[in-house]
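J.: fold the following.
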Amino acid sequence: MKRLILCLLALLLSVPAMAEGTDAVPLTFADDLAGVYCYPEGASEAEARYVYRYAYPQIAGNSDIAVMINTTYQLTVTDALGFEVPMLASDVQEGEAQKQVDISYEITCLNDSYLSVAVTKTARSGGELTSHIAAGHVFALTGEKAGTIVSLPYVLGILADDESDEWYKERQTAKADACVRELVWNALQDMDIALWDDLTFEEFEAGFYPEEDFYLNEDGDPVFFLLAGTVAPEEAGIIQVTIAMETLLDEI
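T.: Predicted structure coming up:
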């Protein structure tokens, strides 16, 4: 992850700064960044002890925004195939059930301001689901952060793109997190989900990071997600709570 952050920082410094208020660049999509890794090397998918499949979006053209978004996912793949994937694959011993990891995505929102991507990572052992992890990536398409993934405070407009005061950024992030956690906690009580019997707000709070654990739906409203097993048994899967942007802005 540190390698990815450093590479993205270098990319940001190499791309000419975009003035605040830059018009949105119309996006069209190119072929996915997709591939398959099998272990041991040279094994087919049927023979392999470990199979890793991935697919990420890529933007057509060579605009600054396209280059930055594409590079984000290219670095993600390079980092995974260079470190995490071979390490996990080598742990699977001959004779064990085949392990499979599938990375897929969905474009959940594309408007003048944001491109939102919901990424799903599904892991299986011997065909049985072992984990189901999600991530949300909201890319700004205008302003100084165009082409980069932005956190919730920027989407809500309570942090300016050029804010440099670290104390203030932490304060606004904590403010957004506290607001969302209360709203999501209340929503969970009304949902038809068998939460852990002894789940406390403090435990819920410790495993939920609203500033990152969200994506935008087609209406531009944040959809917050809780990973499987965090507030309910694994079989409940990923729990999602949509909160209208208008509601969030009223509450915050």
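
J.: could you pull out the strands for the protein?
T.: Taking DSSP state E as the criterion, the chain carries its strands at 33-39, 50-56, 99-110, 114-125, 128-140, 214-216, 222-226, 239-242.

J.: quick one, what contacts Leu183?
T.: When contacts are counted by Cβ atoms under 8 Å, 6 or more residues apart in numbering, Leu183 touches Val241, Ile243, Thr247, Leu248, Glu251. (Glycine included, C-beta is placed from N, CA and C.)

J.: so which of the strands of the chain is the most surrounded?
T.: strand 214-216 (a mean of 24; mean count of other Cβ atoms under 10 Å).

J.: what residues sit buried inside the longest helix along the chain?
T.: Criterion DSSP state H: the longest helix present in the chain is helix 166-190. Within helix 166-190, the residues scored as buried using 16 or more other Cβ atoms under 10 Å are Lys169, Gln172, Thr173, Ala176, Asp177, Cys179, Val180, Arg181, Leu183, Val184, Trp185, Leu188.

J.: worst mean pLDDT among the strands of the chain?
T.: Per-segment mean pLDDT for these reaches its minimum on strand 128-140, at a mean of 91.

J.: helices or strands up against that one?
T.: With contacts taken as 3 or more Cβ pairs under 8 Å, 6 or more residues apart in numbering; DSSP states H and E, strand 128-140 sits against helix 64-79, strand 114-125, strand 214-216, strand 222-226.

J.: rerun at 6 Å
T.: Contact here means 3 or more Cβ pairs under 6 Å, 6 or more residues apart in numbering; DSSP states H and E; on that basis strand 128-140 packs against strand 114-125, strand 214-216.

J.: need those in a markdown table (columns: distance to Arg49).
T.: What follows is those, written out as a markdown table (distance: least, Cβ to Cβ, whole Å):
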| stretch | distance to Arg49 |
| --- | --- |
| strand 114-125 | 11 |
| strand 214-216 | 33 |
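
J.: of these, which is nearest Tyr56?
T.: strand 114-125 (7.5 Å; Cβ to Cβ).

J.: list the strands paired with that closest one, with their directions.
T.: Neighbouring strands of strand 114-125 in its sheet, by DSSP bridges, are strand 99-110 (antiparallel), strand 128-140 (antiparallel).

J.: quick one: distance of the first one to the chain centre.
T.: Put plainly, it is strand 99-110. Computed by Cα atoms, centre = their mean, to the nearest Å, the chain-centroid distance of strand 99-110 equals 10 Å.

J.: do the same with stretch 239-247
T.: Taking mean C-alpha positions (Cα atoms, centre = their mean), stretch 239-247 and its chain are 17 Å apart.

J.: could you do stretch 78-96 as well?
T.: With Cα atoms, centre = their mean, you get 22 Å for stretch 78-96.

J.: just the CA coordinates for that stretch, please, in CSV.
T.: Output of stretch 78-96 as CSV, limited to C-alpha atoms (Å, rounded to 0.1, in the frame of the first residue of the first chain):
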residue,chain,number,x,y,z
THR,A,78,1.1,-4.3,-10.2
ASP,A,79,1.2,-4.1,-6.4
ALA,A,80,-1.0,-7.2,-6.0
LEU,A,81,0.8,-9.4,-8.5
GLY,A,82,4.2,-8.3,-7.2
PHE,A,83,3.6,-9.0,-3.6
GLU,A,84,0.3,-10.1,-2.0
VAL,A,85,-0.9,-12.6,-4.7
PRO,A,86,2.3,-14.7,-5.0
MET,A,87,2.7,-14.7,-1.2
LEU,A,88,-0.9,-16.0,-0.6
ALA,A,89,-0.6,-18.4,-3.5
SER,A,90,2.6,-20.0,-2.2
ASP,A,91,0.8,-20.8,1.1
VAL,A,92,-1.6,-23.2,-0.7
GLN,A,93,0.0,-26.6,-0.5
GLU,A,94,-0.3,-29.5,-3.0
GLY,A,95,-3.4,-31.6,-2.2
GLU,A,96,-5.3,-28.7,-0.6
